[in-house]
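In: Task: produce atomic coordinates for the following.
(2 chains, ligands or ions: 3)
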Amino acid sequence: MTSLYDEVQAAPGEGVPTRRVTIKVNGDDRTVDVEPRLLLAHLLRQGLKLTGTHTGCDTSNCGACTILFDGRPIKSCTMLAVQADGHSLETVEGLASASELHPIQEGFKQEHGLHCGFCTPGMMLAAKALLDKNDNPTEDEVRWALSGNLCRCTGYQNIVKSVLWAAEKMRAESK
Amino acid sequence: MYPSRFGYESPKTVEEAVALLDAHGGEAKVLAGGQSLVPMMRLRFAAPEMIVDINGIEDLHYNRVEADGTVRIGALCRHEELEDNPAIAKAIPTIAAAAPLVADPIVRTRGTFVGSVCHADPQGDWAATMTALGGHIVAQGPKGKRDIPIAEFVIGPFQNTLAFNEIAVEAVIPAPKGVRVGNYLKLERRVGDFATASVAVTIDMQGDTVAYAGIALAGVGGRTINANEAASALVGKKLTAENIASVAAAVAAVAEPRTDHRGSADYKRQIVKTFVERILTGLLNTSQKAA
Ligand SMILES: Cc1cc2nc3c(=O)[nH]c(=O)nc-3n(C[C@H](O)[C@H](O)[C@H](O)COP(=O)(O)OP(=O)(O)OC[C@H]3O[C@@H](n4cnc5c(N)ncnc54)[C@H](O)[C@@H]3O)c2cc1C
Ligand code: FES
Ligand code: FES
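Out: Ligands and ions are numbered 1, 2, ... in the order given. Modelled structure (predicted):
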């Protein structure tokens, strides 16, 4: 059992209440004791060591921390870890299988959808949320779905191409 | 940053939630979508002692159009549930037009309509939309429920008139007096930025005569701007180019824009005028096509 606080905070003094939560993360149930103020993004990164989920801002603007919460995209920096009790999460670590990249990851590779890679996990999860609902999106629909995710490097062009590439691959695979 | 320390409860009923608020005498805060509250807690603009998370109260998760045309939006209805929603689009076109313009698609999966009205951000799209529509908020406290008309609910920047031990359980928009039409236009520098200026317009038409007109503005003042009085000049009249021009000028006159990095006060006032004209002219053109 891990007890989790914050990367910056030392463990709290006596008597700081924690709550025991069970969260399904990429298919596995994880049970942890968390202080209510722990943000979900911090639980993932510091507590569960799933550092693929990035945090890029303090204002809920950048989308680098995007994960799927019961299948819908959320900004994990804007949810308390305690709120995820009983829910199911998918992070970038859940995309690839042991031997194969997810088509979205392959798309980012094929179409050069990343430079520094900081925004990439969030972009890929936002893209997955779109493709799970719409397997044949237009370029506009892709841009729209990714409009809550900021990228400082690519100029977005190749990110959009990557997602369209993935959509095509996924359609072909499902035939 | 991380928020300062607080207690956390996730009640399953409104009664339990109200009891928790009551027990903490003003030091507790309701957590709905968290898309305004959590960022404020991270920046330590807010440091409540107790968070009452209402997300587990499934009874609050709905939006529906009743047989008589009344629309009820429960406290857990997320922004995205008002997007691509044919029943809502038919009943309240202004809500359908605003929904895809609120924040960004990821914020919209969590943020709630009612939470946004409660937050009463001068830039908020839903407080302006509700103000134009003229509905009410149903508040539930220890003594039961009461209705608060929207004009008495949003009273200033980030200020509503809920008592510390009340929860806004739903927003109610009355049935239209005739056929409701409307639109929402917003100028933003990029998705998710605060609006440079937004205009909500809603009109009830009886034949070609206006039976109700509501207009409200976001982003052009230190609070949500209620321009319903200026809009009411249309009531009893037909939409004509002349009436539209005079209402647009009157609405622009009640805006209270300030010069900032998003533009000069004059520029924003001009945007308001243009948006009112554009929306009303659009409504006039569609009604002429339909006739
Ligand atoms: C990046 C970003 C961009 C955004 N852009 C926009 C935008 O363009 N337009 C816009 O309108 N908004 C925008 N927002 C704000 C967003 O719409 C929020 O969802 C909304 O303001 C608050 O709703 P919430 O459900 O998230 O409320 P919360 O954050 O949970 O709560 C906000 C406040 O309201 C109170 N409250 C909430 N629900 C209730 C209730 N039922 N009863 C009593 N009190 C309650 C809370 O105690 C708190 O004080 C943006 C947010 C982010 C993070
Ligand atoms: S870290 Fe920027 S939105 Fe979550
Ligand atoms: S690749 Fe660097 S921020 Fe997007």
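
In: Which helix or strand lies directly C-terminal to the least confident helix or strand in chain A by mean pLDDT?
Out: Within chain A, no helix or strand scores below strand A:3-4, which has a mean of 45 by mean pLDDT, DSSP states H and E. Next in sequence after strand A:3-4, counting helices and strands by DSSP states H and E, comes strand A:19-25.

In: what about that following strand and chain B, any contact?
Out: Yes: counting by CB under 8 Å from any CB of the partner chain, contacts between strand A:19-25 and chain B involve A:Arg19. (Each C-beta comes from the backbone N, C-alpha and C, glycine too.)

In: Centroid-nearest residue for chain A?
Out: Geometric centre of chain A, nearest residue: A:Ile67, 2.7 Å, by CA atoms, centre = their mean.

In: A helix includes that one, no?
Out: No: assessed with DSSP: H, G, I helix; E, B strand; the rest coil, A:Ile67 is strand; it does not lie in a helix.

In: Just confirm it contacts A:Pro73, I think it does.
Out: Yes: counting by CB atoms under 8 Å, A:Ile67 does reach A:Pro73; the two are 7.4 Å apart.

In: what's the overlap in contacts for these two?
Out: Common neighbours of A:Ile67 and A:Pro73, counting by CB atoms under 8 Å, 6 or more residues apart in numbering or on different chains, are A:Leu125.

In: From A:Leu164, how far off is A:Glu139?
Out: Distance, A:Glu139 to A:Leu164, using CB to CB, to the nearest Å: 7 Å.

In: quick one: buried residues of stretch A:38-52?
Out: Under the neighbour-count criterion of 16 or more other CB atoms under 10 Å in any protein chain shown, stretch A:38-52 has A:38-48, A:50, A:52 buried.

In: Kindly report the same for stretch B:105-123.
Out: So for stretch B:105-123, counting by 16+ other CB under 10 Å, buried means B:105-123.

In: can you check stretch A:29-40 too?
Out: By neighbour count with 16+ other CB under 10 Å, stretch A:29-40 contains the buried residues A:Arg30, A:Val32, A:Val34, A:Glu35, A:Pro36, A:Arg37, A:Leu38, A:Leu39, A:Leu40.

In: for chain A, what are the nearby residues on chain B?
Out: Within chain B, the residues that sit near chain A (CB under 8 Å from any CB) are B:1-8, B:10, B:31, B:34-35, B:38-39, B:41-43, B:51, B:53, B:55, B:103-107, B:109-110, B:191-192.

In: Give me the contact status of stretch B:131-143 with ligand 1.
Out: No: using CB under 6 Å from any ligand atom, stretch B:131-143 stays clear of ligand 1, with a minimum separation of 7.7 Å.

In: Check the separation of the first and last residues in that stretch.
Out: 27 Å (CA to CA, to the nearest Å).

In: go on, stretch B:255-269?
Out: End-to-end span of stretch B:255-269 (CA to CA): 7 Å.

In: what about that stretch and ligand 1, touching?
Out: No: judged by CB under 6 Å from any ligand atom, stretch B:255-269 makes no contact with ligand 1; its nearest approach is 12.7 Å.

In: from the chain's centre, how far out does that stretch sit?
Out: With CA atoms, centre = their mean, to the nearest Å as the basis, stretch B:255-269 stands 21 Å off its chain's centre.

In: and for stretch A:142-155, what are the contacting residues?
Out: By CB under 8 Å, 6+ apart, the list of residues contacting stretch A:142-155 from outside reads A:56, A:61-64, A:66, A:73, A:75, A:113-116, A:118-119, A:122-123, A:126-127, A:129-130, A:137, A:156, A:159-160, A:163-164, A:167, B:103-107, B:191-192.

In: Show the average pLDDT along that stretch.
Out: Stretch A:142-155 carries an average pLDDT of 97.

In: from the buried residues of stretch A:38-52, which ones fall inside helices?
Out: Assigned to helices by DSSP state H, the following of the buried residues of stretch A:38-52 qualify: A:Leu40, A:Ala41, A:His42.

In: And the residues you listed, which is closest to ligand 3?
Out: Closest approach between these and ligand 3, by CB to the nearest ligand atom: A:Ala41, at 16.7 Å.

In: So the most centrally placed residue in chain B: helix, strand or coil?
Out: Nearest residue to the geometric centre of chain B (CA atoms, centre = their mean): B:Trp126, 1.8 Å. Counting by three-state DSSP, the backbone at B:Trp126 sits in helix.

In: quick one, what contacts it?
Out: Counting by CB under 8 Å, 6+ apart, B:Trp126 has contacts B:Ala98, B:Val102, B:Phe113, B:Ser116, B:Val117.

In: With B:Leu280 as the reference, measure out to it.
Out: Distance, B:Trp126 to B:Leu280, by CB to CB: 21 Å.

In: cool, and B:Cys118?
Out: Distance from B:Cys118 to B:Leu280, by CB to CB: 30 Å.

In: again, but for A:Ala98
Out: Counting by CB to CB - A:Ala98 and B:Leu280 are separated by 60 Å.

In: again, but for B:Ala97
Out: 14 Å.

In: any idea which helix or strand carries A:Gln105?
Out: In this structure, A:Gln105 sits in helix A:103-110 according to DSSP H and E.

In: right, I mislabeled it, should have said B:Val247
Out: Here B:Val247, judged by DSSP H and E, is contained in helix B:241-254.

In: Residues touching that helix, excluding its own?
Out: Counting by CB under 8 Å, 6+ apart, helix B:241-254 makes contact with B:199, B:213, B:215, B:217, B:225, B:227, B:229-231, B:233-234, B:237, B:269-270, B:272-274, B:276-277, B:280-281, B:284, all of which sit outside it.

In: and if we set it to 6 Å?
Out: B:215, B:227, B:230, B:233-234, B:237, B:269, B:272-273, B:276-277, B:280-281 (CB atoms under 6 Å, 6 or more residues apart in numbering or on different chains).

In: how big is the angle separating whatever helix or strand comes next after it from helix B:241-254?
Out: In the C-terminal direction, the helix or strand that comes right after helix B:241-254 (DSSP H and E) is helix B:265-290. On the basis of axes from the mean of the first three to the mean of the last three CA atoms, to 10 degrees, helix B:265-290 is oriented at 150 degrees to helix B:241-254.
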